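Peer 1: Provided below are the primary sequence and the corresponding predicted coordinates.
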Amino acid sequence: MSKKFAGTFGFITALGLLTSCGGSGTSPSSVTVIVKDGGTGGQSGATITLTGAGANPRTVTIAVGQTVTFVNNDSRSHEIASDPHPQHGSCPAMENGLGTIAAGQTKVTHNFGNAGTCGFHDHLDAGNGGFIGSIVVQ
């Protein structure tokens, strides 16, 4: 194999890998932030409990500046993330406050900085409709 051909083949292979990662072809930089991160220290406006059956309730409504508390009463970990899957990022208050929530653990989002609706899902089990829900910020 010539050096020129090997270099071209390597470039094409790398380009193919870059365009196939992420599933939908949408880069994380193209995700629109719907609700901004309002920082920490806010009051909890709602609690969502995670069990083997899913998230309960699956939709909550809170005020701008409030947080949401997630309680994991399941026997396994969950990684609650904002939509869209797999990029996330539409609601940084979720990404910055939650991460993986171990069995028996409680975590709180950051404050939600403006009105909007944040869809969420369990990144570790994205196809499970029981862990798909929304946070409405008014």
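Peer 2: The structure has been received and is ready for your questions.
Peer 1: Next one: the residue nearest to residue 58 when sequence neighbours are not counted from residue 37, what distance?
Peer 2: Nearest non-adjacent residue to residue 58, counting by C-beta to C-beta, 6 or more residues apart in numbering: residue 133, 3.6 Å away. Glycine gets a C-beta too; all of them are placed from N, C-alpha and C. Distance, residue 133 to residue 37, by C-beta to C-beta, to the nearest Å: 19 Å.
Peer 1: same deal with residue 137?
Peer 2: Distance, residue 137 to residue 37, using C-beta to C-beta: 12 Å.
Peer 1: between the two, who's got more neighbours?
Peer 2: Remark: of residue 137 and residue 37, residue 137 carries more neighbours, 27 against 19, as counted by other C-beta atoms under 10 Å.
Peer 1: ok, the more buried one - contacts?
Peer 2: Residue 137 makes contact with 35, 61, 62, 63, 64, 66, 112, 114, 115, 116, 117, 118 under the criterion C-beta atoms under 8 Å, 6 or more residues apart in numbering.
Peer 1: At which residues are the strands of the chain located?
Peer 2: Assigned by DSSP state E, the chain shows strands spanning 44-51, 54-56, 59-62, 67-72, 78-82, 100-101, 106-108, 116-122, 133-137.
Peer 1: any low-confidence regions in the chain?
Peer 2: 1-29 (pLDDT under 70).
Peer 1: Any idea how many residues pack against the closest residue in space to residue 75 that isn't next to it in sequence?
Peer 2: Leaving aside its sequence neighbours, residue 75 sits nearest to residue 103 (C-beta to C-beta, 6+ apart; 5.3 Å). Number of residues near residue 103 (other C-beta under 10 Å) recorded here: 12.
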